[in-house]
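Chemist: fold the following, please.
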Amino acid sequence: MEFYLKPSRCAFGHGQLANSCSLSQRLSDGLLRHLQLVQDAAACLVTGARRCDHITLVLRQLHWLPVRQRVMFKIAGLVYQSLVGAAPTYPADDCHLLLDVGCR
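Modeler: Numbering: from 1, shown residues only. Have a look, this model is predicted:
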């Protein structure tokens, strides 16, 4: 994973991590922990926080979700967009309301 500096200091590396999050829904807990460590390091770098500072407060200050919750948020957003017709056709073909299918 490669990080580069974007114009916004809060966007540093977070765009790359966000792009990989939607692909990481099937990653193991160990790999998700590694992604969380990358996000934590990026948050410390952006804010100048020390490694001994509590990272949850730093993530809240940046308005960044932890990796696991970000994955769920991205998936929920993609499903919503698919259901309302705002997403490309390839994910929309796999998302249907249970009421539309007729069986549960």
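Chemist: please enumerate the helices of the protein.
Modeler: 14-21, 29-47, 55-62, 67-84, 89-92, 98-101 (DSSP state H).
Chemist: what mean pLDDT does the last one have?
Modeler: Translated: helix 98-101. For helix 98-101, the mean per-residue pLDDT is 62.
Chemist: still on that earlier bit, using TSV, please lay out the helices of the chain together with mean neighbour count.
Modeler: Where you see a C-beta, it was placed from the backbone N, CA and C, and this is true even at glycine. Shown next, in TSV, are the helices of the chain (neighbours: other Cβ atoms under 10 Å):
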stretch	mean neighbour count
helix 14-21	17
helix 29-47	16
helix 55-62	15
helix 67-84	15
helix 89-92	12
helix 98-101	8
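Chemist: you'd agree residue 68 is up against residue 32?
Modeler: Yes. The pair residue 68 / residue 32 is scored as a contact, 5.9 Å apart, by Cβ atoms under 8 Å.
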